[in-house]
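Asker: Sequence first, predicted coordinates after that:
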Amino acid sequence: MLLHELLEKSSACQPNKKALGRENQWMTYQELQIAFETAAKALQQLNICKNDRVAIYLPKVEEAVISYFSVSKVGGIFIPVNPALKARQVAHILNDSTAKVLITNTARLRQMITQSLTEQANAKSLAKLEQIILIDATEDDDLCDDEFSVNKGHGESVNIISWPGFMTLGNNTLVSSTSDTTSRSEYIGNDIIDSDIAAIFYTSGSTGNAKGVVLSHRNLVMGAKSVAQYLPCKSTDVMAAIQPFSFDYGFSQLTICFLIGASCYMDEYLFEKDLFETIKRQKITTLALVPPLWIKLAQGCWPAEVGKNIRYFCNTGGAMPRSTLSKLRNYMPNAKPYLMYGLTEAFRSCYLPPEQLDIRPESFGKAIPNAQITVINEQGDECRPHEPGELVHRGVLVSQGYWNDVEQTKQRFKPAANLLPQVPLTEMAVWSGDVVKKDEQGFLYFIGRKDDLIKTSGYRLSPDEVENVLYLLDDISEAIVIGVPHPVLGQALVAIIVAKSAELTEKRVLRHCLASLPNYMLPKHIAFVDSLPRNANNKFERNHWKAVYKNLFARLINENIKTNDLVESTESVKSAEVGIKNENA
């Protein structure tokens, strides 16, 4: 099955069922199929052929979804570009992918044109395009105006057309001779197979430029089928699409929904009260978010009728604090929580069944259907129970590697025969970069990213261990913990906190930590900030703070300061200890 055939199949079975909603408006499956087939014919008129790249730089709107599936229909490769990205980041994606078509809106194009006047790389990325399609322009707009001029050089300009004008191209094309809407059309995409590339998902790129993860039709379709096997989803569900479609977790809300014939409602998560209103009005039954959003949502004031609508909710993209999960379970008493683990290079890898949640609250479960998960140590051997090692994923969900990056691909994607030396497999497995451990029953536990693990005072620890304790303090709204260079400790822990009130002090936080953590896990510096920046996928931007605080203890490296004089770096910890002792006395 090809990606667009998920939608075609549901359209054939229930053409009048609500398929895609936004701003209280819905498209049926039949309406959505007609729209994406029209757009596919229009793409053919623009000479978009198999493997041509089409970048879609839009928020969650109907035109974005229509574009994804129409590109799939003609055998092209679609690139969902996160709408939160700025012109410079989008320029890298357009350059790296050599996209022929950009589908966007007027405001975003203006921003890119303005940036291109000052940055050569951005100008080159636009000049490589053959077509730009503006979804909010009309056929009457003068898109040849200087305001929209994109110069290709040699006196040529990039052709810019409106969305209505684009769709007119498709409407003027002769229709297929077949009347069977479930079969592959004779006039379009008839040479596509499921191992062909369907999409490139660019990772958030917290350091350096973003990498493009290459996904086949088989990757996307089998990912949806695998997740639909363990999630209790039904065709009667109304799924909320909150995460950006440029994030595989967000895009999977579309693929799972269209696979089972459910309804998908697109919404933005701006304020908790607005999301609550959406859940009530649209009768949302499932929610899939990442930890920072769940943390915010758990601190909201939940109307009783909101939580009763939810049948199940999902988390991935990081560990959810136990205190947050406890609140969410109270707010959604009828919902089953599914804690999941995944990586863009292999879509989804593991999940914890809800019945195991109270038995193994720290675990993220076992392999999802049709995936093999192994924990490998530094010697290349499978780890024993409780031995830390790198999580390795093998199976049909493993992506095809990184676009235009052979070296990075070699580092992360290695022959699966390395895992099973007795079987000469030619397939590739992906080394996740995540350090985990398994128990005697095979349940997995996250320790940390290879590059996020903190080694302090000779101990290796994960930031999650300290963050979970911090979140038990009610006055903390958000918190992250990082490790920064320290001349004696190797790395020192720094806690960056968003407080609910100005009354929260460093001393109180340290006293709270002392009650639950050993000394080596105590923060050596606590910073209070107004907000914690997030990357394009709503994950906390840890590398930003590592850069901010990397020289925090640099003055201690001065040769004139003796090791015995390094008292100041732990002074606040000792002060808190003394305070507790005095109170106990």
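Answerer: Great, that's in hand.
Asker: Please name every helix or strand in contact with whatever helix or strand Asn122 lives in.
Answerer: For Asn122, the host element (DSSP states H and E) is helix 120-127. Packed against helix 120-127 by the contact rule (3 or more CB pairs under 8 Å, 6 or more residues apart in numbering; DSSP states H and E) you find helix 87-97, helix 106-116, strand 151-153. To be clear about C-beta, it is placed using only N, CA and C from the backbone, and glycine gets the same treatment.
Asker: Compare the ones you listed and report which one is nearest to Ile497.
Answerer: helix 87-97 (28.4 Å; CB to CB).
Asker: list the buried ones in stretch 6-14?
Answerer: Neighbour counts using 16 or more other CB atoms under 10 Å place Leu6, Leu7, Glu8, Lys9, Ser10, Ser11, Ala12 of stretch 6-14 among the buried residues.
Asker: related to what we said a few turns ago, output the helices and strands packed on helix 120-127 as JSON lines; include the columns distance to Leu134.
Answerer: What follows is these, written out as JSON lines (distance: least, CB to CB, whole Å):
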{"stretch": "helix 87-97", "distance to Leu134": "15"}
{"stretch": "helix 106-116", "distance to Leu134": "6"}
{"stretch": "strand 151-153", "distance to Leu134": "18"}
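Asker: Most tightly packed of those?
Answerer: Among these, helix 87-97 has the highest mean neighbour count (mean count of other CB atoms under 10 Å), at a mean of 21.
Asker: Indicate which one of the helices and strands packed on helix 120-127 is closest to Ala123.
Answerer: Shortest distance between Ala123 and these, using CB to CB, is found for helix 106-116: 3.9 Å.
Asker: show me where pLDDT drops low in the stretch 201-350 of the chain?
Answerer: For the stretch 201-350 of the chain, the stretches with pLDDT under 70 are 204-208.
Asker: the helices in it, which residues?
Answerer: Secondary structure of the stretch 201-350 of the chain (DSSP state H, counting those that start in this stretch): helices located at 217-230, 248-260, 272-282, 291-298, 304-309, 322-331.
Asker: buried sites along the longest one?
Answerer: Along helix 217-230, these residues count as buried under the neighbour rule (16+ other CB under 10 Å): His217, Arg218, Asn219, Leu220, Val221, Met222, Gly223, Ala224, Lys225, Ser226, Val227, Ala228.
Asker: Out of the helices and strands packed on helix 120-127, the one nearest Glu427 is which?
Answerer: With CB to CB as the criterion, Glu427 lies closest to helix 87-97 of the helices and strands packed on helix 120-127, at 25.2 Å.
Asker: name the helices or strands packed onto that closest one?
Answerer: On a contact count with 3+ CB pairs under 8 Å, 6+ apart, helix 87-97 meets strand 53-57, strand 77-81, helix 106-116, helix 120-127, strand 212-216.
Asker: Kindly confirm my reading that Leu472 is in a helix.
Answerer: No. Counting by DSSP: H, G, I helix; E, B strand; the rest coil, Leu472 falls outside a helix, being coil.
Asker: wait, isn't it in contact with Thr324?
Answerer: No. Contact criterion CB atoms under 8 Å: Leu472 and Thr324 do not qualify, at 10.3 Å.
Asker: lowest-confidence stretch among the helices and strands packed on helix 120-127?
Answerer: By mean pLDDT, the lowest-scoring of the helices and strands packed on helix 120-127 turns out to be strand 151-153, with a mean of 71.
Asker: Toward the C-terminus, what is the element adjacent to that one?
Answerer: strand 156-157.
Asker: can you give me how far whichever helix or strand comes after that following strand is from the chain middle?
Answerer: Sequence-wise, the next helix or strand downstream of strand 156-157 (DSSP H and E) is strand 159-162. Mean-position distance between strand 159-162 and its chain equals 31 Å (CA atoms, centre = their mean, to the nearest Å).
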